[in-house]
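# starting from these lines, generate the structure:
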Amino acid sequence: MSLNYTYGSTSNWRATPWFGVTRDDYVLASTLTGTIPNGGPTYSVPVYSPVAAVVAANGNSRIQTNFDGYATRYNGLEGQLIKRMSNKWMARVSASWNNATDRYENDVNSLGNPTSLDTDPIITGGQYAPRSAGSGQGDIYVNAKWQLNVNGIYELPWDSEVAGNLFGRQGNPFPVFRQASLGLDGAQRVLISPALDEFRFNDTWNFDLRFAKRLVTDHVNCPRRVRSLQRVQRQRRPAARAQRRIAELLPPEPDPQPAHPADRDAVDVPVRHPRSTASGSDLPEAAGIPSDRAIRCHCVHLVALAVP
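Okay, here's the model as predicted:
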C-alpha cells in the first residue's frame, strides 16, 4: 500500500501585453448578455478593448514578458493498493485526486486585457485547464479531478486464467464562450459560463475482460534463447513509394556450435530483398551487402522478421 501527496507551483508564465499600456487604458466596449442553452443560467459579461490612441502613442507594439501576478497551483493525492500473486489471484487498485487552480493578483489576462477568456478566465481559485492544440478532434480542455484504475487476475484450472481491468476518469470541462471583438486585441473567445468547469463532459469508463487458455503442442520446438539474426529498419517517409522496403541489413553473427538438439534442425532460407523504386538501385548491394543471403532459422520451417 502506498500514499503520495504532491504540491506544485508555477509562475512567470508568458504574457504579450501592449507596450506602454496599463489596465487603466482599457475601456468598456460592450456587454454580452443572454441565456446559456439547455437550461443554463443567464449571463452578463463585460468586454474591454484598449484605447487606440494610447496604443498608437507607444508605437503599436507588443512585448513578450513574464505574466506578473499570475501563477498556477497544484495539489494531488494518489493512493495504491497491491495484492501480489498468491493463492492463484492478484489485484491492484489505484486512485488519484487532482486540483490544479489559477491564481490572479491582477484582474487582467495574458494580453493585459481585463476580459475573461476561455483560456484566461481571470478567476482566482478556478480550475486550470489548458486547451489542446492540433488534436484533430476539436478543442479539448484537459482537467480531471479524479481518476480510478482497478485490475486483477485469477488462475483457473486446466491452464487457463481470467483477468479484468476497470478505468474511470472525470469528464473534461466544457466551457461556454462567445466570439467577440476586443478592438485592437482582435476577436477572442469570451467566457460566458460562471466558471471554466461549470459544465463537464460525462465521466469516462472503460472495462476490459480477458480469458486465456494456454495451449501446448510437441510439433513445434523453438528454443527459448533465440539469437538475433537480422535487424530490419524501415524508412518512414510518407512521400516515398518504397516506404516499406528494407533499408538496412546486418549480417548474422558467426554461428557457434549448437548447444541444443533442436538447433541441428536449423534450415537455410534464401531471402530476396526488394529493389528501391525511388533510386532504381538495389539498396543492400549499394551498402556492400549481397542481395541474396541465407538466414538461419532455429524454428523448423518458420521464418520471422520483426519490423520495428
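# alpha carbons only for contacts and neighbour counts from here, please
Will do.
# what does the longest helix anywhere in the chain contact?
Longest helix of the chain, by residue count under DSSP state H: helix 52-57. When contacts are defined by CA atoms under 8 Å, 6 or more residues apart in numbering, helix 52-57 is touched by residues 18, 19, 20, 21, 25, 61, 184.
# for the stretch 51-200 of the chain, which segments are assigned as strands?
65-66, 70-86, 89-104, 146-156, 160-169, 177-181, 187-191 (DSSP state E, counting those that start in this stretch).
# picking up where we left off before, of the contacts of helix 52-57, closest to residue 151?
Nearest to residue 151 among these: residue 18, at 53.1 Å, using CA to CA.
# how is the chain divided into domains?
Here the domain parsing of the chain from automatic domain parsing is 2-212, 220-308.
# by mean pLDDT, show me the worst of the ones you listed.
For these, mean pLDDT drops lowest on domain 220-308, to a mean of 44.
# now the helices for this protein?
52-57, 283-286.
# one step back: as TSV, the strands of the stretch 51-200 of the chain with distance to residue 43 would be great.
Shown next, in TSV, are those (distance: least, CA to CA, whole Å):
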stretch	distance to residue 43
strand 65-66	32
strand 70-86	25
strand 89-104	22
strand 146-156	29
strand 160-169	30
strand 177-181	11
strand 187-191	10
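# now the ones you listed as a markdown table including mean neighbour count?
Output for these, formatted as a markdown table (neighbours: other CA atoms under 10 Å):
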| stretch | mean neighbour count |
| --- | --- |
| strand 65-66 | 14 |
| strand 70-86 | 15 |
| strand 89-104 | 18 |
| strand 146-156 | 17 |
| strand 160-169 | 16 |
| strand 177-181 | 15 |
| strand 187-191 | 19 |
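# which one, of these, ends up nearest to residue 115?
strand 187-191 (7.2 Å).
# could you pull up phi and psi at residue 51?
The phi/psi pair for residue 51 (degrees, to the nearest 10) reads phi -70, psi 120.
# before we move on, the earlier item: can you tell which of the strands of the stretch 51-200 of the chain is closest to residue 124?
strand 89-104 (4.7 Å).
# just checking, what packs against the closest one?
strand 70-86, strand 146-156 (3 or more CA pairs under 8 Å, 6 or more residues apart in numbering; DSSP states H and E).
# could these go into a markdown table alongside distance to residue 212?
Converted to a markdown table, those look like this (distance: least, CA to CA, whole Å):
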| stretch | distance to residue 212 |
| --- | --- |
| strand 70-86 | 17 |
| strand 146-156 | 10 |
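# for residue 171, find the nearest of those strands.
Of all the helices and strands packed on strand 89-104, strand 146-156 comes closest under CA to CA, at 9.3 Å.
# now for the closest one, which elements pack on it?
Secondary-structure packing of strand 146-156 (3+ CA pairs under 8 Å, 6+ apart): strand 89-104, strand 160-169.
# mind putting these in TSV, distance to residue 31 included?
TSV is the format used below for the helices and strands packed on strand 146-156 (distance: least, CA to CA, whole Å):
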stretch	distance to residue 31
strand 89-104	22
strand 160-169	36
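# now do the contacts for residue 66.
12, 13, 14, 15.
# got it, and residue 25?
By CA under 8 Å, 6+ apart, the contact list for residue 25 reads 50, 51, 54.
# quick check, nearest of the residues you listed to residue 145?
Distances from residue 145 to those, taken as CA to CA, are shortest for residue 50 (36.3 Å).
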